[in-house]
Each structure stands twice: as structure tokens, then as C-alpha cells.
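K.L.:
only geometry, no sequence info:
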Ligand code: NI
């Protein structure tokens, strides 16, 4: 996939309100959607991420991108654009450690179905229905959660979540840095700068 004029854009962090909103479905793909998709890939690669959902760069729409080809065993995986995803069925369950570009520096175990049957539209707005398992099922579910206003930390068990509460508070107050640009919710930081 080639996109001209793509830009690295800052990533919204916990607890920006856009990350807890239910995102709106797309009715089609136009040049502004293509530009957004290009910016999402650019920003995701710049942050060494394997997935990014549109709300993470401030667009509350049901669109996500992913590319897991940097991971061992997934070298042949192609970048994916997923629009208006709907999980039709799930199978199995496993725990895996997750992180998120919107929650810098925090990792935690999350229990999720190990395989999903997914209906979605691609970057040409063509509909597909397919089974995903392994890392793809994991990343897809994490990103689809973003479209419903859910973060992986919301799915951690209560005891694990308590252990990272201090880090979450620091992120929410803007006291966090990352090796990629962050969008800070100035209303949350306020006069503290
Ligand atoms: Ni995430």
C-alpha cells in the first residue's frame, strides 16, 4: 500500500475522552479517509506499533489499521485496513500480555477469545468475512475495543489493574513521555502545564 503525503500525527492518551467514545461507522471511503489511513500507518510505524485505531488520533470513526509483519512467525503478514468491523463469532480463550500506544509504558495480561469470525470492509470498502486466530485475532480485538471506547486496561483483572493505577494517573495528568508524539488533553493537564 502506498500513500502520498502521509504525516506523523500525535497519539491521544488515556484519559482523553475520545478514547472512551463509541465511534461512528463509515458510509464509504473518500480521499479524506485515504489520507487518514495514510497518516494512521505513518504514525503507527513511527511509534513501532502493530495496530492503531482512528480514535487514537482523534477521529471517532470505525476504522483501524494493523501490521504485525515485524513479529517473529508473521513475516509474511500483510498490512490491513479494517472498516466497520463486526465480530460474528468467537472461539476459545487465552491470556496474552498487551500494551497500547495510548497507554505508554504500561503492559498487562488480558484474557480474550483466541479466534474470531469477522465481517469488515477493506480500504476499497469491499466487504469480507474471515476467520482470524493467533496474533491477528488478538490485535484485531484490541483495536476493535478502541472503536467501542474500551482500553486493554479496562479488561485487566482488578488486582493487576490496581498495580498500574499510579502509572495511569500519571498518564491522565500528562506526566508521561514516549518516543513518539503524544496529544495531550490540555483540559486535563490544566494550569499545571
Ligand atoms: Ni491500543
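P.N.:
Good, I have the coordinates. Remember, predicted model here, so these are calculated numbers, not experimental data. Numbers count the residues shown, from 1 in each chain.

K.L.:
where do the strands sit along this structure?
P.N.:
11-12, 51-53, 63-66, 80-91, 94-98, 108-112, 115-121, 127-133, 182-183 (DSSP state E).

K.L.:
indicate which one of those strands is closest to residue 158.
P.N.:
strand 108-112 (11.7 Å; CB to CB). Quick note: C-beta positions are derived from backbone N, CA and C, even for glycine.

K.L.:
which parts of the closest one are buried?
P.N.:
Of the residues in strand 108-112, 108, 110, 112 count as buried by neighbour count, 16 or more other CB atoms under 10 Å.

K.L.:
for those, which one is nearest residue 82?
P.N.:
Nearest to residue 82 among the buried residues of strand 108-112 is residue 112, at 16.4 Å by CB to CB.

K.L.:
for the nearest residue to the closest one once chain neighbours are set aside, give me its contacts.
P.N.:
Once flanking residues are discounted, residue 112 sits nearest to residue 141: 5.2 Å by CB to CB, 6 or more residues apart in numbering. For residue 141, the contact set (CB atoms under 8 Å, 6 or more residues apart in numbering) comprises 87, 112-113, 116.

K.L.:
with residue 96 instead?
P.N.:
Contacts for residue 96 were tallied using CB under 8 Å, 6+ apart; they are 109-110, 112, 138.

K.L.:
could you rerun that using 10 Å?
P.N.:
The neighbourhood of residue 96, defined by CB atoms under 10 Å, 6 or more residues apart in numbering, consists of 109-112, 114, 134-135, 137-138, 142, 152.

K.L.:
residue 33 now?
P.N.:
26, 54, 59, 61, 63, 81, 83, 123, 125.

K.L.:
ok, so of the contacts of residue 96, who is nearest residue 94?
P.N.:
Set against residue 94, the nearest of the contacts of residue 96 by CB to CB is residue 114 (4.6 Å).

K.L.:
list phi and psi for the closest one.
P.N.:
Here is the backbone geometry of residue 114 (degrees, to the nearest 10): phi -90, psi -20.

K.L.:
can you tell me how far it is from residue 48?
P.N.:
Separation of residue 114 from residue 48 (CB to CB, to the nearest Å): 25 Å.

K.L.:
quick check, residue 13 in contact with residue 153.
P.N.:
No. In this structure residue 13 lies outside contact range of residue 153 using CB atoms under 10 Å: 11.8 Å.

K.L.:
number of residues surrounding residue 47?
P.N.:
Close neighbours of residue 47, defined as other CB atoms under 10 Å, add up to 19.

K.L.:
list the contacts of residue 15.
P.N.:
Neighbouring residues of residue 15 by CB under 10 Å, 6+ apart: 102-103, 151, 168-169, 171-173, 185, 188.
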